[in-house]
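>>> Would you be able to build a 3D model of this:
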Amino acid sequence: MREIKKPYFISDIDILGGKPVIRGTRMSVHLLMSILMDKNVTIDGVKEMYPNVPIEVIKYIKEKLEKEGKLVIEVEICPPMTKKEE
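Modelled structure (predicted):
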């Protein structure tokens, strides 16, 4: 299992217009939350559908939603790329 750097979530204007995504993916936090709010969805099922999303992130979001009914996240803001970096 790959180790994922915390915070698990980033915001980069070049990825989904700056919406929070799971680090290392292009999956929005909102989409994953929407999927996990369905009581019939399992962690393994989500991992099978989205193999690039780390299982620890799926478990973290699922647990927060079940315990608190909401998700408050820490997001790393990535600076926009400059022409030199492109």
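>>> Strands along the chain, start to end?
With DSSP state E as the criterion, the chain has strands at 9-12, 21-22, 75-78.
>>> Go through the ones you listed and name the closest to residue 57.
In terms of C-beta to C-beta, the element of the strands of the chain nearest to residue 57 is strand 21-22, at 5.5 Å. For glycine as for every other residue, the C-beta is placed from the backbone atoms N, C-alpha and C.
>>> which helices and strands does that closest one pack with?
Other helices and strands packing on strand 21-22, by 3 or more C-beta pairs under 8 Å, 6 or more residues apart in numbering; DSSP states H and E, are strand 9-12, helix 29-36.
>>> dump the residue contacts of the residue sitting nearest the centre point of the chain.
Nearest residue to the geometric centre of the chain (C-alpha atoms, centre = their mean): residue 22, 2.7 Å. Taking C-beta atoms under 8 Å, 6 or more residues apart in numbering as the contact definition, residue 22 lies against 8, 9, 29, 32, 53, 54, 57.
>>> Apply 6 Å and report the result again.
Residues in contact with residue 22, defined by C-beta atoms under 6 Å, 6 or more residues apart in numbering, are 53, 57.
>>> partner residues bridging it?
With DSSP bridges as the criterion, residue 22 is bridged to residue 9.
>>> before we move on, the earlier item: just the helices and strands packed on strand 21-22: most buried one?
A comparison of the helices and strands packed on strand 21-22 by mean neighbour count, using mean count of other C-beta atoms under 10 Å, puts strand 9-12 on top with a mean of 18.
>>> Tell me the helices and strands packed up against it.
Other helices and strands packing on strand 9-12, by 3 or more C-beta pairs under 6 Å, 6 or more residues apart in numbering; DSSP states H and E, are strand 75-78.
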